[in-house]
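**Student:** the sequence and its predicted three-dimensional model are supplied below.
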Amino acid sequence: MDLRLYLVSGDVPLGSDLIDVLEQAALGGAATIQLRLKGASPAERVRRAAEAAERLAPIGTTFVVNDDIDAALAVEGAGLHVGPDDLHPAAAREALGPDRVIGWSLHDLAQLDDAEALAASDYLAVSPVWPTPTKPDTTAPWGLDGVRRLRDAVPPEVPLLAIGGIDATNAASVIDAGADGICVVSAICAAPDPYGAAIGLRRVVDAALDERSMR
Ligand SMILES: Cc1ncc(COP(=O)(O)OP(=O)(O)O)c(N)n1
Ligand SMILES: Cc1ncsc1CCOP(=O)(O)O
Ligand SMILES: [Mg+2]
């Protein structure tokens, strides 16, 4: 599981096809991709998840579904991302078994007291780092100080990701603050060239991780 550049799906420009955008991003280096379809019906989510998983499988992308355990169960090998208002990660682990990827959003420091959730999660996501028009209904932004605080509080072996307002201009600061990877929506989905955008983001993240490892 490579979590350095994690794409969460969002709106794509008029005339673009979402699954094409995901494929281009994967080819550009987004090694983990989440399908997040908030307005879709359950049947539409399953259909799109199956389509995305089939297109991404030859590239070796780790594929994750947002919120919807039934859609994850319907697609072989799909992981699930949940937040504190969704299905509990331990219940997701029970349903999905030991091998699928499960991620959990961190909205509140008190979530770290939930040992069962931490044990069931493969990664945690600082959510959001900055306010973002992509998701107006977030809890209070953590900022870079919040990323540092969470990195200190989360066991070092647990990957800590960051999401919310991240692009190529600020990705290095998030890695410097202790994140192991970045999650983006608009920096790739809204870009005129999603392949190039993913390449650019990966370059920044890889360089920042390299620099951090030499400190
Ligand atoms: C990688 C990643 N991190 C955070 C979120 C947000 O999850 P959540 O807080 O449950 O909000 P919704 O996405 O369900 O609106 C995410 N989806 N992915
Ligand atoms: C899904 C989600 N969860 C927290 S912020 C966010 C959206 C991030 O979008 P963007 O990368 O465009 O700021
Ligand atoms: Mg959710």
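**Tutor:** Ah, there it is. Numbers count the residues shown, from 1 in each chain. Ligands and ions are numbered 1, 2, ... in the order given.

**Student:** just after the strand or helix carrying Ala117, pick out the following helix or strand.
**Tutor:** Remark: Ala117 resides in helix 115-120, with elements defined by DSSP states H and E. Downstream of helix 115-120, the first helix or strand assigned by DSSP H and E is strand 123-126.

**Student:** partners of that next one in the sheet?
**Tutor:** Paired with strand 123-126 in the same sheet, following DSSP bridges, are strand 102-106 (parallel), strand 160-163 (parallel).

**Student:** can you list contacts of it?
**Tutor:** With CB atoms under 8 Å, 6 or more residues apart in numbering as the test, strand 123-126 has contacts from 1, 3, 81, 101, 103-106, 118, 142, 146-147, 150, 154, 158-164, 179-180, 183. In short, each C-beta sits where N, CA and C put it, glycine included.

**Student:** what's the nearest residue to Glu23 if we skip its chain neighbours?
**Tutor:** Arg55 (5.2 Å; CB to CB, 6 or more residues apart in numbering).

**Student:** ok, the one you found touching Ile19?
**Tutor:** Yes: Arg55 lies in contact with Ile19 (CB atoms under 8 Å); the separation is 5.4 Å.

**Student:** these two touch, right, Leu160 and Ala177?
**Tutor:** No: between Leu160 and Ala177 there is no contact under CB under 8 Å: 9.8 Å.

**Student:** which residues do these two both contact?
**Tutor:** Here Leu160 and Ala177 have Val147, Arg151 as joint contacts, going by CB under 8 Å, 6+ apart.

**Student:** burial count for the residue of the chain found nearest ligand 1?
**Tutor:** Nearest to ligand 1 in the chain, going by CB to the nearest ligand atom, is Gly83, at a distance of 2.2 Å. Neighbourhood size, Gly83 [other CB atoms under 10 Å]: 19.
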